[in-house]
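Asker: give me coordinates for this.
(chains A, B and C)
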Amino acid sequence: MADEQTPQPPAPAAPGAPTPAPKAAAPGAAKPEAKAPPAPPGPPDQAPPAGVPAPAFVTALQAGLPGAVEQVSFWVGDWTVIVPGARLLEVSGFLRDTPGCLFTYLSDLTAVDWLARETKRFDIVLCLYSIPLRQRVRVKVRVAEGEAVPSVTGVWPAANWLEREVFDMFGIRFTGHPDLRRILMPDDWQGHPQRKDYPLEGPGELLMESPQDWLKARQAAVDADVK
Amino acid sequence: MQTDAPRPMFDTDELVINMGPQHPSTHGVLRLILRLDGERVVSCDPVIGYLHRGVEKLSENRDYTQIVLLTDRMDYVAAATNNLGYVETVEKLYGLEVPRRARYIRTILSELQRVASHLLWLGTHAADLGALTVLLFGLRERELVLDLFEEYCGARLTYNAMRIGGQPVDVPVGWDKKVLAFCDVQEQKLPEYEQLLTGNRIFMERTKAVGVISAADAVAVGLCGPPLRASGVYRDVRKDEPYAAYEEMEFDVPLGVAGDTYDRYLVRLEEFRQSLRIIRQAVQGLPEGPIMGKVPRLIKPPAGETYHAIEAPKGELGYFIASDGKSASPYRFRVRPPSFCNLQALPQLVKGHLVADVVALIGTIDIVLGEVDR
Amino acid sequence: MVEALILPLVKIVIVLVAVLVTVMYIVLLERKVQAWVQVRLGPMRVGPHGILQPLADVLKLFVKEDITPARADKWVFTAAPIIVLVPALIAFAVIPFAGDLTLFGLTIPGRIADVNVGLLYVISVAGIGIYGIILGGWSSNSKWALLGSLRSSAQLISYEIAVTMTLVTVIMLAGTLSMVGIVQAQLAKGWWFGFMQPVAFFIYFVGALAETNRAPFDLPEAEQELVAGFHTEYSGMRFAFYFLAEYANMIVVSTVATTLFLGGWLAPFPNVSWLSFLGLVPGWAWFMLKTFGFLYAFLWVRATFPRYRYDQLMRLGWKWLIPLAILNVVVTGLLKVLV
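Answerer: As a prediction, this is how the structure comes out:
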């Protein structure tokens, strides 16, 4: 299970570039998102308005680990801190153990694929909750294609399956994960379905009905591409 | 398992059995690879994904309004709470105000749903332990709940019962009386289940000290809902981060002590009573007013992202939605499924127990594979 | 000639047919009783109130494909269900269903044979059935079946000890191993042994549940855990044999219980004058009534209790029932000497 960049086997000579445009209309050729509007470069990550003071855990984090917080954002009542991937473990440990933070509970760990963003394509989002202090914070790490993120399974064992799912769905690797393999998709699946450049249509019914015809059609498409 | 790290050869005296995906008590299509030493479980590796339908990916290509009925199909025995979590997340992201009456109706529906879901849990859990009668008793009362849902929204399983910004329909005439009557019936029937299970020596032997998990471990491994509370952790989204009309409701959060299967049973049984208490308050205090807030025809939240969680019958059900501000469908739609996170604790729970306990423990964490696999 | 050959043959046929029909209808009764307990209706489609359901079931089992798994040990796989079924049926040979009947001037004993070691015969024949279960589970070449048969061999062997111990107390009271002799001893003493030996009766009942793999001791075939236990791989007729054997065994233990503890074919309260009309009911009817009462208890327990776990079952058998049964033997012996 290499870090697949090709979306699907039927897609002929899938380009690694994020904007594939296979013009061939062969049954095997998968269409990219046709109607979707051009993807935005990323979430705005709005800065907190002037009147809203940062909560104690954000200021504690900024003071405790200087330079770890790249940006603080606030939107519809949720606080988000954006940290560099290299310091994620440090920040996680700090947020879990420091009195005043105590984010002992990892609610969710997921990723977002901002395909059109130039620098770093993925956001890893950790939704943390503090059971004793009843507060939430999101930690966000920006990751480039092919870049690995330190696994937080050592800090929150709950991250185990969640990181597997992110690996399965986005192809983001987690270094130090005890058991990084696919979880929802079959083990021999190619591609990572939640990426925005993953084709929305499969090979269609022809593959099921007569694989021979499907192979011929695919070959024709490849030939046409070569010419 | 091509990606497995090289494993040592199987010992000759360990038996590897494959439980599921077609097995009577895996509650769907869960597959467990069990390594047994005699009947004792040495290790357990859950294999999931057999029911993966790509709900998240699908939702990223649907309108905000269309997604409501996709959420029905995740935890299909608790569709109303799935709806609730989703519509509230969008309302939070969009800054929509929901009328008070609609919030009350939502509360009633989600507590009725909790009762229905727990009834199904009780029945299947008991049936896994061999007490088939409880299953039938549970289903008998669940029918009553489904009848109430049918009268409210026309469906018995996948309700599609909520809209972004409010409720699609007002409560039917006389429905509130039927709900109160159901509460009375349910309250009378609870001792029947207890008579069959709570004091039953065999049931106690099968569940006490089985699958014990400490409070610290439960938090670390991400357990949520009744299993977390059974370990003595005070965590209920309804209390901690009130949503719908829970702020105005009076109820208690039952907590367990031992963190074993028996405590998880007791916690859920007490939740029945608390749910009925909430339903009664909400029905009796149902305010007058509109049921639908001011919602634009095309729902297109401004760019931004948010996470919002509710207390589903199975635990913390969270939705993470990122909007790009341009399209009428979410840019990223993520569900934090309680069953998925609870199932993650299963290998830890079953280690060292017998095959028969595996069945009891699958039952006690109350999973629905539709939600685990999405 | 008539008494030596034809009469026993006729009786064998009657008993065999009666047992098989009873098995069929016990299944129906079980489904009905369970349904009533669980606020359901049970089978209602075939015949009025589902009365013909057993016929449909039998027909279905007969015409179903009989699959032998590819990697099974074919001979053992075929033989195993027969090894289970035959002992269950031949155990009926010594059960006294009724007292002596007089028909056309001929005195017909209400049993197939009166062996002077009848009880010993029942115990030993019943012991053979375990082999069929072990062999069936082993020869299926399936892990679930193997687990099931391992469970059941351990379970049957441990509970046989407790059950046999309770029989010892009955033998001590009756002074005979003959089944007929035991009934007559109860008549002579004026007390059924179930009342003289309540502890033994209780242990026998629990042991009987375990011996016949019935709830709450139905671990060998716990469908929620082991799919179907030792008969996971069986289908069609051979599955039907296991099925028949299980219910035939239930009837065997019920008839033995009736004979040993409930006075066999005897009418209750022969000494109460105003109840003397009970004596008008023929002996075989009393026998059937008691047997069905016992069988009903089986069904009732099944609908009420959850299932034991394997280790708990073993603990119950070895730490409670067997010591209790041995103690009961000792106490009975002491009382017999002292009183």
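Asker: what's the spacing between residue C:81 and residue C:70?
Answerer: With distances taken as Cβ to Cβ, to the nearest Å, residue C:81 is found 19 Å from residue C:70. The C-beta positions use only the backbone N, C-alpha and C, and glycine is treated the same way.
Asker: err, residue B:260, not the other one
Answerer: When distances are taken as Cβ to Cβ, residue B:260 and residue C:70 turn out to be 43 Å apart.
Asker: now do residue A:198
Answerer: Separation of residue A:198 from residue C:70 (Cβ to Cβ) stands at 41 Å.
Asker: any low-confidence regions in chain A?
Answerer: A:1-44, A:203-204, A:227 (pLDDT under 70).
Asker: residues contacting the residue in it that chain B sits nearest to?
Answerer: Ranking the residues of chain A by distance to chain B (Cβ to the nearest Cβ) places residue A:158 first, at 2.7 Å. Applying Cβ atoms under 8 Å, 6 or more residues apart in numbering or on different chains, one finds that residue A:158 lies in contact with A:105, A:106, B:220, B:221, B:222, B:341, B:344.
Asker: read off the pLDDT value for the nearest residue to it once chain neighbours are set aside.
Answerer: Counting by Cβ to Cβ, 6 or more residues apart in numbering or on different chains, residue A:158 lies nearest to residue B:222, which is 2.7 Å off, once chain neighbours are set aside. Here, the pLDDT recorded for residue B:222 equals 87.
Asker: distance of the spatially closest residue to residue B:232 that is not a sequence neighbour from residue A:105?
Answerer: By the measure of Cβ to Cβ, 6+ apart, the closest residue to residue B:232 outside its immediate chain neighbours is residue B:215, 4.9 Å from it. Look at residue B:215 and residue A:105: by Cβ to Cβ, they are 12 Å apart.
Asker: of the two, who's got more company?
Answerer: Between residue B:215 and residue A:105, counting by other Cβ atoms under 10 Å in any protein chain shown, residue A:105 is the more crowded of the two (25 against 21).
Asker: measure that one to residue B:96 for me?
Answerer: Relative to residue B:96, residue A:105 is positioned 28 Å away (criterion: Cβ to Cβ).
Asker: so which residues of the chain form strands?
Answerer: Just going to use chain A. Shown for chain A, the strands assigned by DSSP state E span residues A:71-75, A:78-83, A:105-113, A:122-130, A:135-143, A:149-150, A:174-175.
Asker: please go with chain C instead
Answerer: According to DSSP E, the strands that chain C contains are C:101-103, C:106-108.
Asker: pick the most deeply packed of those strands.
Answerer: Relative to the other members of the strands of chain C, strand C:106-108 carries the highest mean neighbour count by mean count of other Cβ atoms under 10 Å in any protein chain shown, namely a mean of 11.
Asker: residue ranges with poor pLDDT in the stretch 51-200 of chain C?
Answerer: Within the stretch 51-200 of chain C, the segments meeting pLDDT under 70 span C:103-105, C:110.
Asker: residue ranges for the helices of it, please.
Answerer: For the stretch 51-200 of chain C, applying DSSP state H, counting those that start in this stretch gives helices covering C:53-63, C:74-90, C:118-139, C:143-174, C:179-189, C:193-196, C:198-211.
Asker: would you format these as a markdown table with mean neighbour count and distance to chain B included?
Answerer: Putting those into a markdown table (neighbours: other Cβ atoms under 10 Å in any protein chain shown; distance: least, Cβ to the nearest Cβ, whole Å) gives the following:
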| stretch | mean neighbour count | distance to chain B |
| --- | --- | --- |
| helix C:53-63 | 15 | 19 |
| helix C:74-90 | 19 | 20 |
| helix C:118-139 | 21 | 13 |
| helix C:143-174 | 22 | 5 |
| helix C:179-189 | 20 | 33 |
| helix C:193-196 | 18 | 24 |
| helix C:198-211 | 22 | 12 |
